[in-house]
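Enquirer: give me coordinates for this.
(2 chains)
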Protein chains: 2
Amino acid sequence: MPQLLRLRWLYSLLLLLPLLAMAADPLPSWYNGASRQAIEAFVGAVTQEGGKDYVAPAERIAVFDNDGTLWSEQPMYFELLFSLDEVKRLAPQHPEWKTQQPFKAVLEGDQKALAASGMDGMLKIVAATHSGVSTEAFIAQARRWLASSMHPKTKKPYTEMVFAPMLELLEYLRANGFKTYIVSGGEVAFMRAFAEEVYGIPPEQVIGTTLDARFQDKGGQLSIQRLPKLVHNDDGPGKPVSIDSLIGRRPILAFGNSDGDLQMLQWTMAGPGKRFAGLVHHTDSKREWAYDHDSKIGRLDKALIAAKQHDWTVVDMAREWKRVYPFESIESQ
Amino acid sequence: MPQLLRLRWLYSLLLLLPLLAMAADPLPSWYNGASRQAIEAFVGAVTQEGGKDYVAPAERIAVFDNDGTLWSEQPMYFELLFSLDEVKRLAPQHPEWKTQQPFKAVLEGDQKALAASGMDGMLKIVAATHSGVSTEAFIAQARRWLASSMHPKTKKPYTEMVFAPMLELLEYLRANGFKTYIVSGGEVAFMRAFAEEVYGIPPEQVIGTTLDARFQDKGGQLSIQRLPKLVHNDDGPGKPVSIDSLIGRRPILAFGNSDGDLQMLQWTMAGPGKRFAGLVHHTDSKREWAYDHDSKIGRLDKALIAAKQHDWTVVDMAREWKRVYPFESIESQ
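Expert: Residues are numbered from 1 along each chain as shown, chains lettered A, B, ... in the order given. Next up, the predicted model:
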């Protein structure tokens, strides 16, 4: 090999070095703080064959809330923003909505009346906008909306408002033999519209709020038709119930961000052996949002008290994450 | 190496040959008949990279009915035999059962009254005997029963009355990158009591009839309590509904044995690309049972007509299986 060529080859390698160093760090968006150390210590312990805390791969179940844990949830759950847009799109087919709350409030842009309809109103809107079509058609519509809408504040597509450190954590866990699940109050089919592409979580590992459905055979044309009836509200105590019903194993790691995740975290921690409970604490009013005890969306009050009491990991977003979203660059520490 | 030692080494190898030949055949309990050939052709086609029928591993979803497809179901569903035993065991805690049908019929051994209570009576018995305890306690009780009971005809434990050719098929599919699921009218927790050990199917891949449940926090003692209310009957059209809700992908292979599997087979076959639908036809009155159109348990009528019409694979148990149960020896062809 001529001298010059050999040097060029060496030079190319040198150029690659920073990239290689980054590839070697599975959690590049995390500062080396308490949360990162707790995560690494836990994963190290349960994967060390022959170690006292070893957990067989089949039992390495990790569950993640979605809204506020894997992606942002302000100023409103993104799925609710989708639902409000859907009310407007579907209004011509529903003349009765002009006089029916909470639909009337949505169509008239009456924020006050909408807020007054509360959780009950929200579930009505979700049921009405997530049904009346096949699962296939619904997922296609959710994808159209995700591809064509942008967040009111960042002007980014919603699927880019996912947390880079959490994407890295999901991948890090999978690389260590974990099976990663979403267990969320979001409706299952809506989340499946993007979970595999965005989070690397396949449809069969997405658990959430579910609507009733029926099998339809229309002259040989088969479909699963979605009905406007909630059959499971996957929030609070509904989370350990769906975990038990659908996974049939107790997770060894759970991550959430609000009081709706408390029972899932408690359930995860109540099993034998080494376990991990984590909370994303929204402390970053600059890069994301800062809210906890008093927030209407994603209130974190009881779960934060429980976390302090039981020494669970609380991720201080502002101090522990080098970046929040993948479209931001990684700051140097 | 001395001559003698070398010969001994060769001789040991020769002794191993029949064993190696068997290990090399992934389906030793299947005669080389039409069904086996159809299975192998299908698996070969969907796993051939670059081939026109190739299916990516993530999409290789295979669903199996349980009763009559993976294990026997005569003279009665095994889970129903468990439920009847449970009615007797739990009777002291339920004095009201002495006068309430269908429980009265069970306690008095009144077969006629029990039969008269029909499907509705059966579901009542299942709900009553599968609830009132935590999932953990229920699974422990199901395991105790399975470990201590025997089949009235064969005098074998129920978990040995599984079909050896189907165990081989499950393993063969998994070795070819398939994810194998149970989708059955059986109750989920009952099946999870043995599915992993017996079929190699983990709890998160067991789908079935489900009862309602609630999260209980009794002074810090957490549990999932089972309620006597059916929330999903995983039979007939309920099967494609649960597949869509819990897997979120359409299977490319489905196996059943009765009319309760018809919609699952139809749903599987209605997707694009290469697909496989199979039926276990109980034709073997000597080694197992022979029944189809007129059977009360596991009736195979409409699905058999559909299979002939659409050229689905129908396994003639008597002619295509070298053995039925793992405790039988493999006959020579």
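Enquirer: now the residue in the stretch 1-150 of chain A positioned nearest to chain B, nearest residue through space, not along the chain?
Expert: Taking CB to the nearest CB, chain B has its nearest neighbour within the stretch 1-150 of chain A at A:T135, 5.4 Å off. For the C-beta atoms, the positions are set from N, CA and C on the backbone; glycine is no exception. Nearest residue to A:T135, sequence neighbours excluded (CB to CB, 6 or more residues apart in numbering or on different chains): A:I224, at 4.8 Å.
Enquirer: and chain A, which residues reach chain B?
Expert: Selection of chain A residues close to chain B by CB under 8 Å from any CB of the partner chain yields A:58, A:135, A:179, A:188-189, A:192, A:202-204, A:206, A:210, A:213-215, A:217, A:222, A:224, A:231, A:237-238, A:240-241, A:244-249, A:263, A:266-267, A:270.
Enquirer: list only buried entries from the residues you listed.
Expert: A:135, A:179, A:188-189, A:192, A:202-204, A:206, A:210, A:213, A:215, A:222, A:224, A:237-238, A:240-241, A:244-249, A:263, A:266-267 (16 or more other CB atoms under 10 Å in any protein chain shown).
Enquirer: before we move on, back to that, kindly format the C-alpha coordinates of whichever strand or helix holds the residue nearest to A:T135 as PDB.
Expert: Element membership of A:I224, judged by DSSP states H and E, is strand A:221-232. The C-alpha coordinates for strand A:221-232 follow below in PDB (Å, rounded to 0.1, in the frame of the first residue of the first chain):
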ATOM      1  CA  GLN A 221     -65.700  -8.100   2.900                       C
ATOM      2  CA  LEU A 222     -64.300  -8.700   6.400                       C
ATOM      3  CA  SER A 223     -63.400  -5.900   8.800                       C
ATOM      4  CA  ILE A 224     -63.200  -5.100  12.500                       C
ATOM      5  CA  GLN A 225     -65.600  -2.300  13.100                       C
ATOM      6  CA  ARG A 226     -64.900   0.100  16.000                       C
ATOM      7  CA  LEU A 227     -67.800   0.900  18.300                       C
ATOM      8  CA  PRO A 228     -68.300   4.100  20.400                       C
ATOM      9  CA  LYS A 229     -68.200   2.300  23.700                       C
ATOM     10  CA  LEU A 230     -65.200   2.400  26.100                       C
ATOM     11  CA  VAL A 231     -64.400  -1.100  27.400                       C
ATOM     12  CA  HIS A 232     -61.200  -0.300  29.300                       C
END
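Enquirer: can you give me the strands for chain A?
Expert: Remark: strands assigned in chain A by DSSP state E are A:61-64, A:179-187, A:206-218, A:221-232, A:253-256, A:276-281, A:313-316.
Enquirer: which one of the ones you listed has the most crowded surroundings?
Expert: strand A:253-256 (a mean of 29; mean count of other CB atoms under 10 Å in any protein chain shown).
Enquirer: note down every partner strand of that one and its orientation.
Expert: Paired strands of strand A:253-256, with direction, are strand A:61-64 (parallel), strand A:276-281 (parallel) (DSSP bridges).
Enquirer: ok, which of these comes nearest A:A147?
Expert: Across the strands paired with strand A:253-256, A:A147 has its closest neighbour in strand A:61-64 (23.6 Å, CB to CB).
Enquirer: how far does that closest one sit from the chain's center?
Expert: Computed by CA atoms, centre = their mean, to the nearest Å, the chain-centroid distance of strand A:61-64 equals 11 Å.
Enquirer: now do stretch A:119-127
Expert: Here stretch A:119-127 is found 20 Å from its chain centre; the criterion is CA atoms, centre = their mean.
Enquirer: now that stretch: mean pLDDT?
Expert: For stretch A:119-127, the mean per-residue pLDDT is 91.
Enquirer: which residues sit against it?
Expert: For stretch A:119-127, contacts defined as CB atoms under 8 Å, 6 or more residues apart in numbering or on different chains pick out A:79-80, A:83-84, A:87, A:101-103, A:105-106, A:114, A:117, A:187, A:209, A:211, A:228-230, A:233.
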